[in-house]
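Enquirer: Need a 3D model of the following:
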Amino acid sequence: MFKKSKINFKEIKQILAEKGFILKKRKNLFKFSEPKINLKIIKKIINQKGFVLKKKSNFFNFNELKSFYYTIFCSFILVFASFLIPLSVDIKEDINLSKLTIDNNSSIDFQKVLDGKSISEDVDSALNTKDLFEDIFSFEEMPTDTVRLSASTVKELFKDTNYDLDEIRKTKVVKPVKLSVLPGEMKKIQSTQEKKKLFIEIILPLILEENDRIKLDRIKLFTILNKNNNTRSEINWLNSKFKQYGVVKKDLSTLKIRMDEIPVSLALAQAAKETGWGTSRFAIEGNALFGQWTFTGEGIKPAGADSDDGNHKVMKFKILKASVRAYQRNLNTHNSYREFRLNRAIMRDRNKDLDSLKLADYLDKYAATGKSYTEIIKKIINQNSLTDFDKVKLLPTSIQLKNLI
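Expert: Numbers count the residues shown, from 1 in each chain. A predicted model of the protein is given here:
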């Protein structure tokens, strides 16, 4: 470039002309006609006119700044590598941890199950009772100040809170009025209708609460499955649910089928059948609503039981809520109710409501009377219009539960 003063192409041409040179253009290149001239002569001529001719510097000229560019590039590589190495270690650990539970053929296996095909022969084997019922056993360790209210007191309580079964059938809304034990004098209630009404009013909120708990878990399960990457807490939660639902092989399709609700009308009917509408000794003394057996631990010995029965006892619970949860866990995990779970999953897959009358047919192994037992259950459902309660909602006690309504 020129310094001291501005100079343009015309001026250069004029200066050269004064010195006897002619500047011609040929093929986009400048060429001097004779006599010969070079850059040194041009520079000398321009200097005589008071100008300085210098080569314009280019900051991005690779040849001149080669070492500088190499230094910048290598520095960037080193900084990036120092950041990436520890991160890759964490990612590798997460991938390895994820593979324990997430890498699967879930959608394929789920369809196989719906089609009645076996995905693994021993998916139900090696169940750990401690894992299955750990959250239920925890109720036994909780201190309670449970007071057994009389039937008349419970009725008065329900009246004061406007908690009425007829109103529930209309509004489909249940207030969260929960009792831990049944009134001791259920047997003394003379009116069968009054007895049934009181029993349903006590048990209904407990069944709904446990179903809502399963709904929340089910929502979380599908949220996790729809994500490409899962956090450690999500994976830990999944592993705890595999244990809770007895999924030994950590198969997600099996977990999806097991982690589901029991229709309200079906649970009410079975509780009514097993307790004589809340009048049995097992229900009053042991809060046992569903007549589940145990061969170890605490339980209530049935009257007239002998060694031929294998010394079984009826499980007892500290509170009614524990009995409801144990019942749901039983239907959702035991081998005997695999057909029940399969047909429930098919209803879900077809976007149908859970039909308690159809599902009852698959509970023939619940009692020794088999098919006769399922007919009784369906009769109880029909005669007492229990399907009216299948779509009722429990008023929320938390923001999470509020989202379910």
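Enquirer: if I've got this straight, V314 is in a strand?
Expert: Yes: secondary structure of V314 (DSSP: H, G, I helix; E, B strand; the rest coil): part of a strand.
Enquirer: neighbours of S150, just the number please.
Expert: A count of neighbours around S150, defined by other Cβ atoms under 10 Å, yields 12. The way it works is simple: take the backbone N, C-alpha and C, and place the C-beta from them, glycine included.
Enquirer: Contact partners for it?
Expert: Neighbouring residues of S150 by Cβ atoms under 8 Å, 6 or more residues apart in numbering: P183, G184, E185.
Enquirer: can you check P183 too?
Expert: With contact set as Cβ under 8 Å, 6+ apart, P183 has these partners: R148, L149, S150, A151, T153, V154, L198.
Enquirer: do that again at 7 Å, thanks
Expert: Neighbour list for P183: R148, L149, S150, A151, V154 [criterion: Cβ atoms under 7 Å, 6 or more residues apart in numbering].
Enquirer: where do the strands sit along the protein?
Expert: All strands of the chain, identified by DSSP state E, fall at 2-3, 23-26, 29-32, 52-53, 173-174, 293-294, 299-300, 313-315, 393-394.
Enquirer: about what we covered before: got CSV for the contacts of P183, with distance to L238 and pLDDT too?
Expert: Listed next are the contacts of P183 as CSV, based on distance: Cβ to Cβ, whole Å; pLDDT from 0 to 100:
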residue, distance to L238, pLDDT
R148, 40, 87
L149, 41, 90
S150, 45, 91
A151, 44, 91
V154, 40, 93
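Enquirer: Make a ChimeraX selection of the buried ones in those residues.
Expert: Buried residues among these (16 or more other Cβ atoms under 10 Å), as a ChimeraX selection:
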select :149,151,154
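Enquirer: So which of the contacts of P183 is the closest to D349?
Expert: V154 (41.1 Å; Cβ to Cβ).
Enquirer: Would you mind measuring from the nearest residue to that closest one once chain neighbours are set aside to T275?
Expert: Nearest non-adjacent residue to V154, counting by Cβ to Cβ, 6 or more residues apart in numbering: P183, 5.5 Å away. The gap separating P183 from T275 is 13 Å, by Cβ to Cβ, to the nearest Å.
Enquirer: what does G246 give?
Expert: Using Cβ to Cβ, G246 is found at 26 Å from T275.
Enquirer: domain ranges for this structure?
Expert: In the assignment given by automatic domain parsing, the structural domains of the chain cover 2-53, 64-99, 107-402.
Enquirer: Which of these has the lowest mean pLDDT?
Expert: The stretch with the lowest mean pLDDT among these is domain 64-99, at a mean of 58.
Enquirer: Figure out the length between the terminal residues of stretch 257-264.
Expert: Chord length of stretch 257-264, first to last residue, is 18 Å (Cα to Cα, to the nearest Å).
Enquirer: What lies in contact with that stretch?
Expert: Here stretch 257-264 makes contact (Cβ under 7 Å, 6+ apart) with 113, 207-208, 211, 214-215, 217-218, 221, 241, 245, 247, 328, 331-333, 341, 344-345, 354, 356, 359, 389-390, 392.
Enquirer: can you do 8 Å?
Expert: Counting by Cβ under 8 Å, 6+ apart, 110, 113, 204, 207-208, 211, 214-215, 217-218, 221, 241, 245-247, 327-328, 331-333, 341-342, 344-345, 348, 354-356, 359, 386, 389-390, 392 sit against stretch 257-264.
Enquirer: Of these, select the buried ones using a ChimeraX command.
Expert: Here is the ChimeraX selection string for the buried members of the contacts of stretch 257-264, based on 16+ other Cβ under 10 Å:
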select :110,113,204,207,208,211,214,215,217,218,221,241,245,246,247,327,328,331,332,333,341,344,345,348,354,355,356,359,386,389,390,392
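Enquirer: Let's see which of the contacts of stretch 257-264 end up in helices.
Expert: Secondary structure from DSSP state H places 110, 113, 204, 207-208, 211, 214-215, 217-218, 221, 241, 327-328, 331-333, 341-342, 344-345, 348, 356, 359 of the contacts of stretch 257-264 in helices.
Enquirer: what about Q292, neighbour count?
Expert: For Q292, the neighbour count with other Cβ under 10 Å is 20.
Enquirer: separation between it and N330?
Expert: Taking Cβ to Cβ as the measure, Q292 falls 6 Å from N330.
Enquirer: Repeat that for V248.
Expert: For V248, the distance to N330 equals 17 Å [Cβ to Cβ].
Enquirer: just L204 next, same as before
Expert: 20 Å.
Enquirer: now do L78
Expert: In this view, L78 and N330 are 61 Å apart by Cβ to Cβ.
Enquirer: The two: who's more crowded?
Expert: Legend: neighbour count by other Cβ under 10 Å for L78 and N330, higher for N330 (18 against 10).
Enquirer: give the contact list for that one.
Expert: Going by Cβ under 8 Å, 6+ apart, N330 touches F290, Q292, Y337.
Enquirer: Since that was my last question, I'll sign off now.
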